[in-house]
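Chemist: The following comprises the amino acid sequence and a computationally predicted model.
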Amino acid sequence: MASSRTESVSLWLLVLAACAVATAVVHREFFDRPTPRRAVDASRPPEFMDDWRQILSAGIVVGSPMAKVHIVEFADLECPACRLFQEDLHAARAQFGDDVAVVFVHYPLPQHRFARPAARAAECANDQGQFGVFQDIIFLKQDSLGLKTWASYADEARVPDLRRFAQCASDTTQVARIEAGVALGKKLGVPGTPTVMVNGWRFWNPPDRSELLRTVAALRDGKALPLRAK
């Protein structure tokens, strides 16, 4: 009798655990889905920012620091549009090699529950030289945010010292680079993520892949874009 009762309790606990996981997934899919970035007038051309090089120090450089072209991206690791744009950034780096570098500027949006913890975890991975790989893993398994531990992402990204990573990721103090990115984004009036700049040319909507590649090619070759600076 006692054995039967124990089995019944265990079964109910398993059912409750399964329901909790299912509820978390449903909640993420339907209630916590990020608000899409509000599109700016698509006809509005990119504008040039004279002091754009000052922005580079606010981000993490992925690629050669001596690159001719720097793609600055204000991004949120929980943002689906950023995940998609990551594929275009990979295409640019594959095509242009060391001539192009990506500068990732943290801009976690307040409506994304896991954006700031993910940004912190990315900084912890960066401390061990694995930011780029960790970022790719986060975007690849973005649907698992909140269901997987940061250490499991770090393990997949081959962060060398997982114990050190876990201690870093669990720290609750502010991370200067994350706060600097948010402050800079607000100062520049960044409307959402991803917000993209290429060698100072600010795009009001993220460029599609063909536009991004054309822009990088022109700036790499020292050609003037067919646009007028503000």
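Modeler: Structure received.

Chemist: So for the helix or strand containing residue 152, what gets flagged as buried?
Modeler: Applying DSSP states H and E as the criterion places residue 152 in helix 150-156. In terms of neighbour count (16 or more other Cβ atoms under 10 Å), helix 150-156 has its buried residues at 150, 151, 153, 154, 156. C-beta: built from backbone N, CA, C; applies to glycine.

Chemist: which residues in the protein form strands?
Modeler: Using DSSP state E, the strands of the chain run over 47-48, 60-62, 69-75, 100-106, 195-198, 201-203.

Chemist: and residue 185, which of the ones you listed is closest to it?
Modeler: strand 69-75 (5.2 Å; Cβ to Cβ).

Chemist: one step back: what helices and strands are in contact with the helix holding residue 152?
Modeler: Judged by 3 or more Cβ pairs under 8 Å, 6 or more residues apart in numbering; DSSP states H and E, the packing partners of helix 150-156 are helix 115-127, helix 131-140, helix 162-169.

Chemist: can you list those in CSV and add mean neighbour count and mean pLDDT?
Modeler: Formatted as CSV, these follow (neighbours: other Cβ atoms under 10 Å; pLDDT from 0 to 100):
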stretch, mean neighbour count, mean pLDDT
helix 115-127, 22, 98
helix 131-140, 20, 98
helix 162-169, 16, 98
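
Chemist: Output stretch 132-139 as CSV, nothing but the C-alphas.
Modeler: What follows is stretch 132-139, C-alpha atoms only, in CSV (Å, rounded to 0.1, in the frame of the first residue of the first chain):
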residue,chain,number,x,y,z
GLY,A,132,32.3,34.8,-30.9
VAL,A,133,31.7,31.1,-30.5
PHE,A,134,29.5,31.7,-27.4
GLN,A,135,27.4,34.3,-29.3
ASP,A,136,26.9,31.8,-32.1
ILE,A,137,25.7,29.1,-29.7
ILE,A,138,23.3,31.5,-28.0
PHE,A,139,21.8,32.5,-31.3
